[in-house]
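**Student:** Please find the sequence and the predicted model below.
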Amino acid sequence: QRHLISAADLTRDDAVLILDTAEEMARVADRPIKKLPTLRGRTVVNLFFEDSTRTRISFEAAEKRLSADVINFSAKGSSVSKGESLKDTAQTLEAMGVDAVVIRHGASGAPYRLATSGWIDAAVVNAGDGTHQHPTQALLDAFTMRRRLVGRDTGLGRDLAGKRITLVGDVLHSRVARSNVDLLHTLGAEVTLVAPPTLLPVGAHSWPCEIAYDLDSALPKSDAVMMLRVQRERMNAAFFPTEREYARRYGLDGDRMAKMPEHAIVMHPGPMVRGMEITAEVADSPRCTAVEQVANGVSIRMAVLYLLLGGAVFDPKTAPDATT
Ligand code: CP
């Protein structure tokens, strides 16, 4: 596969190969020199039309650890603000000879358009498009779950069969939720969505997951609980419950966390709205993997770029360091 547009495009074997390759990439971070020469001479552009902290920084870190030449493009401050189209922006990049484009865009479908339009010849990686998909987020979440719920070494080659994952909150606007439902289903997990009825998409009832409205009864049956950010910027105020009401019914606080099984983890893709979907007590607790998820994102993005740009089977024991 030349592009990564949607988590739904991955087979179980594709996903497990990415998770296993990421596990090997993570071992590079344990070496004195954290850099590989794998993508030396290849150019990767990070094309961000929407704001990002985690995704953008971790893609850049992953590209640099693989020795790629990195070009960072932000729509703010570019000729996009003068009305330049995605097509003309893409063709400008193509003229510079890029090998891969990592794109975040507010419009659902923009990465697909870029990959299939013929405007560019580069591999396209979706770094989040509108409310549609965020496949590397789902992969880093699955990587985090496999490490925590199956084991770092014992997890190699394995999926998440039988693990019970609960996603909570603003599903309507969440590309993270859509990507996770697709990937977790492919990996054999049992997924439950818990959301206010007004923050569930109409089509969610046909997704491969359960739907529930009561968080307290879902918690004791969960191996992982993923809190979703409430995306006010994409929201019509008329559909939004008050902050207090939302936190009372769908927020995760210490009392609620105590209802989870002892081994269960709390996840959040970030950015977190503390006090609304998650209290500071929970966000800062050792059971919350939010920071770990960010670290795991670098390994996942290294694996995705490595596999898309034609890497052979990666052996961390024989792979040389990039010393220059
Ligand atoms: N999780 C995530 O996509 O965060 P950013 O918007 O900061 O990249």
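**Tutor:** Everything's here; your move. These figures come from a predicted structure and were not determined experimentally.
**Student:** And the helices in the stretch 101-250 of the chain?
**Tutor:** Along the stretch 101-250 of the chain, counting by DSSP state H, counting those that start in this stretch, helices occupy 110-116, 135-149, 175-186, 215-218, 243-250.
**Student:** Can you name the residues that contact the residue positioned nearest the centre of the chain?
**Tutor:** Compute the mean C-alpha point of the chain, and by Cα atoms, centre = their mean the closest residue is Q137, 0.5 Å away. Residues in contact with Q137, defined by Cβ atoms under 8 Å, 6 or more residues apart in numbering, are 55, 128, 175-176, 179-180, 269, 297. (Each C-beta comes from the backbone N, C-alpha and C, glycine too.)
**Student:** Could you give the number of residues near T154?
**Tutor:** The number of residues packed near T154 is 10, by other Cβ atoms under 10 Å.
**Student:** how distant is the helix or strand harbouring V266 from the center of its chain?
**Tutor:** In the assignment (DSSP states H and E), V266 maps to strand 265-267. Its chain's C-alpha centre and that of strand 265-267 lie 15 Å apart, by Cα atoms, centre = their mean, to the nearest Å.
**Student:** Name the surrounding residues that touch that strand.
**Tutor:** Contacts for strand 265-267 (Cβ under 8 Å, 6+ apart): 141, 144-145, 148-149, 223-227, 252, 257, 260, 278, 282, 285, 287-290, 293.
**Student:** what are the ranges of the strands in the chain?
**Tutor:** 43-48, 69-74, 100-105, 123-129, 164-168, 190-194, 210-212, 224-227, 265-267 (DSSP state E).
**Student:** export the ones you listed to a markdown table and tack on mean pLDDT, mean neighbour count and distance to the ligand?
**Tutor:** As requested, the strands of the chain are exported to a markdown table (pLDDT from 0 to 100; neighbours: other Cβ atoms under 10 Å; distance: least, Cβ to the nearest ligand atom, whole Å):
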| stretch | mean pLDDT | mean neighbour count | distance to the ligand |
| --- | --- | --- | --- |
| strand 43-48 | 96 | 23 | 9 |
| strand 69-74 | 93 | 16 | 13 |
| strand 100-105 | 96 | 26 | 7 |
| strand 123-129 | 97 | 26 | 6 |
| strand 164-168 | 98 | 25 | 14 |
| strand 190-194 | 98 | 22 | 18 |
| strand 210-212 | 97 | 14 | 23 |
| strand 224-227 | 98 | 26 | 11 |
| strand 265-267 | 98 | 23 | 11 |
